[in-house]
Structure formats: C-alpha cells, structure tokens
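Trainee: Quick one: sequence plus predicted model below, questions after.
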Amino acid sequence: MKTLSPPITTSRSQRLYQGFKAYRLDRVWLTIGLILLALAALDQPQLPATLAFVSKAALNTFGFLLLSVGLTAYAKASGVDNLISRAFSGPPLLAVVSAALMGAVSPFCSCGVIPIIVALLAMGVPLAPVMAFWLASPLMDPSMFIMTSATLGLEFAVAKTMIAVSIGLLGGWGAFMLTRQGWITDVLKDGVGNGGCAGSKIRTPKPVVWAFWKDSSRLSTALASFKTNALFLVKWLLLAFVLESLMVAYLPRDLIAQVAGGTGFMPVLLATLVGIPSYLNGYAALPLVSGLMGQGLSPGASMAFLVAGGVTSLPAAMAVWAVARARVFAAYLGFAFLGALASGVLFGLWKA
C-alpha cells in the first residue's frame with residue numbers, strides 16, 4: 001500500500017521571518033530617514049536647508065539619470081547594447097584617449113556622472129575607456145574653463161584642462177593594465193545593470209529589434225530594467241546629496257587652509273587627502289579655492305585640492321561603492337588620489 005508523505009508545513013516563526021524579510025526597510029532609505037529625523041531633533045533650521053539642497057541637486061541630476069536609465073533599458077531590450085559596446089571597444093589606447101578628451105568637455109560632476117557610467121558599463125563598454133571618461137568628466141568642460149579663467153586665471157584653467165585629460169589617460173590606461181593582468185574581472189555589483197562582468201566583457205551578439213515594444217517579452221525586459229536601475233540609483237544618489245548638504249553646512253570653509261598651509265610636498269599631500277572626501281563640485285568651488293589661495297594656500301596645494309574634490313568626494317565615493325565592485329572602487333580612488341597629488345606637485349613646480 002502506497003504511503004502518502006505528510007504535507008510540508010511552515011512554522012509560525014518561519015512565516016513571520018519571511019514576512020519581515022519581504023517588508024523590511026532598505027538600509028539606504030532607513031539611513032536617509034534617520035539623518036532627517038536627527039536634523040529635526042538636533043538642528044531644526046538645517047532640515048529645510050538640507051531638503052532644499054537635496055531637491056535642487058536631484059533636479060539637476062534627474063535628467064541625466066532618466067536618460068541613462070532609459071538608454072540602458074532600451075539597449076538591453078532591443079539588443080543594441082552589443083553594438084554600442086563594440087563601438088567603444090576599438091584599440092584600447094585610442095579608445096582611452098578619445099574617452100579622456102570627451103570627458104574633458106562633458107558637463108558632469110562627480111555624482112552626476114555615476115548614472116552615465118553605470119549605463120555605459122551595463123551596455124558592456126570596457127572599463128578602460130569608461131574609467132578615462134569617469135575621471136576626466138568632473139574636472140572640466142567649456143563653461144568651467146571660462147569660469148576658471150575668470151576666477152583663478154587663464155594659466156590655472158589651461159593647466160586644469162591638461163590635468164583633466166592626463167588623469168583620464170592615467171585612469172584609463174591603468175584600468176586597462178589591471179584588467180589585462182586579471183586583477184579586475186567583475187566590474188558592476190550583482191543587480192546593477194547586468195551585474196557581474198558587464199563592464200569588462202562584450203556579450204554574445206543578438207539580433208537588434210529597434211521597435212522592441214512590439215514584442216511583449218522585450219517590453220517586459222525594458223520595464224524591469226528601468227525600474228530596477230532607477231530605484232537603485234535614486235536611493236544612493238539621494239543619500240549622497242543628503243551627505244553633501246551636511247558637509248557644506250558643517251565643515252569649516254577655511255579648514256583646508258588651516259590643515260595644508262605652507263609650501264613644499266606636505267601641503268600638497270595634505271590638500272589631496274582633505275580634498276578626496278570633500279564636497280567640491282560645481283562652480284562654487286572656484287571662489288572657495290580663490291579664497292583659500294588668499295589665505296596662503298600654495299598654488300600646488302590649491303590645484304591638488306581642486307582636482308581631488310572635483311574627481312571624487314565622500315558622497316560620490318558612496319555612490320560608486322553602491323554600484324561597483326571593491327577592486328573597481330579601489331582603482332577609482334587610487335587613480336583619483338595619484339592624479340590629484342601629481343597635478344599638485346607638478347603645478348607647484350611650474351609656479352615655483
């Protein structure tokens with residue numbers, strides 16, 4: 001006689017745990033909420049200032065985010081991502097040079113460039129040219145060149161433009177060598193774009209369907225990609241903007257002059273170390289650096305601080321950490337640090 005197996009049951013504690021796991025708060029949203037609650041309790045006047053700062057920064061970035069996420073979804077659903085990736089996968093040295101030059105004229109800050117970078121990597125563009133664009137883009141664009149010339153002088157603006165391209169080349173060729181040696185294989189974290197090695201390997205060609213929305217399965221793919229990437233990037237960028245507002249509000253503007261005053265190598269090194277985590281994006285950085293130079297900060301240290309703060313910042317680094325794997329993150333910070341330090345030393349020698 002056949003014996004029936006007893007039904008599989010789930011204990012009450014297991015059901016409660018599964019329900020909690022399904023509805024638990026995301027740690028990023030929770031962090032944002034706790035910061036805002038802390039401001040409401042400890043510094044009420046800063047709360048509306050932070051909300052206004054975040055709203056303005058989000059509006060400035062929204063167009064880039066929407067464009068990059070939309071392009072990623074379209075490329076993934078239509079199959080055009082493989083064509084785009086191949087267009088950026090020519091001879092590595094030439095691809096890096098083109099990306100660095102393109103970055104030097106593109107109007108993205110260190111946070112605003114993150115959605116563009118994610119879109120490129122998710123399409124399968126190799127890491128080397130992406131890294132070149134990534135590092136060069138926040139440093140210079142035509143409008144920034146004009147404003148830098150007006151604020152700090154033409155010589156400073158020309159030097160910073162050359163530095164932007166040079167740091168892009170350093171990062172691009174460095175990333176190429178790290179990838180070639182096998183130190184970097186996977187680029188994006190799982191769940192970002194295609195995850196895994198999306199940024200280092202071009203995927204197998206597939207037929208391109210330009211009007212993908214006529215295919216229900218491809219339309220579902222596009223909607224799922226758009227939703228996943230948009231929610232992921234939005235929460236991390238909002239946290240970045242909240243932290244930026246706090247840094248602008250609470251860090252003394254003359255801190256760098258106090259820490260890195262004097263001449264020689266040590267002020268340049270200290271200016272780089274302070275500049276890497278500092279919020280120094282946008283045109284407001286120019287009068288700040290001009291004021292620091294008026295307080296006695298050397299030209300070399302000023303350039304190092306301006307470059308370090310432009311390439312990255314603590315909020316931007318958090319956004320990178322959210323999407324990129326640890327070795328890519330380490331390479332990004334390493335190239336930013338070396339580039340800023342070298343630029344400060346060389347510019348200081350030039351001005352000596």
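Mentor: It's in. Numbers count the residues shown, from 1 in each chain.
Trainee: And the residue nearest in space to the middle of the chain, which helix or strand is it part of?
Mentor: For the chain, I114 is the residue whose C-alpha lies nearest the centre (CA atoms, centre = their mean; 3.6 Å). Using DSSP states H and E, I114 sits within helix 113-122.
Trainee: Starting from that helix, tell me the next helix or strand along the chain.
Mentor: Once helix 113-122 ends, the next helix or strand along the chain (criterion: DSSP H and E) is helix 127-136.
Trainee: Output that following helix as CSV, restricted to C-alpha atoms.
Mentor: Extracted C-alpha coordinates of helix 127-136, given in CSV (Å, rounded to 0.1, in the frame of the first residue of the first chain):
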residue,chain,number,x,y,z
LEU,A,127,36.2,49.5,-18.2
ALA,A,128,39.4,51.3,-19.6
PRO,A,129,37.6,54.0,-21.7
VAL,A,130,34.8,54.3,-19.1
MET,A,131,37.4,54.9,-16.4
ALA,A,132,39.0,57.6,-18.5
PHE,A,133,35.7,59.3,-19.1
TRP,A,134,34.8,58.8,-15.4
LEU,A,135,37.8,60.6,-14.1
ALA,A,136,38.1,63.4,-16.7
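Trainee: what's it packed up against?
Mentor: Using 3 or more CB pairs under 8 Å, 6 or more residues apart in numbering; DSSP states H and E as the contact test, the elements touching helix 127-136 are helix 92-103, helix 113-122, helix 154-180, helix 326-351. (Each C-beta comes from the backbone N, C-alpha and C, glycine too.)
Trainee: tilt between it and helix 154-180?
Mentor: 150 degrees (axes from the mean of the first three to the mean of the last three CA atoms, to 10 degrees).
Trainee: going on from helix 127-136, what's the next piece of helix or strand?
Mentor: Of the helices and strands lying after helix 127-136 in sequence (DSSP H and E), the nearest is helix 142-152.
Trainee: got the helices and strands packed on helix 127-136 as CSV, with mean pLDDT and distance to M293 columns?
Mentor: Written out in CSV, the entries for the helices and strands packed on helix 127-136 read as follows (pLDDT from 0 to 100; distance: least, CB to CB, whole Å):
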stretch, mean pLDDT, distance to M293
helix 92-103, 86, 26
helix 113-122, 78, 27
helix 154-180, 93, 10
helix 326-351, 92, 11
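Trainee: nearest to L223, of these?
Mentor: Proximity to L223 (CB to CB) singles out helix 113-122 among the helices and strands packed on helix 127-136, at 15.6 Å.
Trainee: Please work out which of the helices and strands packed on helix 127-136 is packed deepest.
Mentor: Most buried of the helices and strands packed on helix 127-136, by mean neighbour count (mean count of other CB atoms under 10 Å): helix 113-122, with a mean of 26.
Trainee: ok and that one relative to helix 127-136, angle-wise?
Mentor: Angle between the axes of helix 113-122 and helix 127-136 is 170 degrees (criterion: the same axes, to 10 degrees).
Trainee: how distant is helix 113-122 from the center of its chain?
Mentor: Using CA atoms, centre = their mean, to the nearest Å, the distance from the centre of helix 113-122 to the centre of the chain it belongs to is 8 Å.
Trainee: now for it, which elements pack on it?
Mentor: Counting contacts by 3+ CB pairs under 8 Å, 6+ apart, helix 113-122 is packed against helix 46-78, helix 127-136, helix 216-250, helix 314-323.
Trainee: just checking, K235 touches R27?
Mentor: No - with the criterion set as CB atoms under 8 Å, K235 and R27 do not qualify as a contacting pair; they are 9.6 Å apart.
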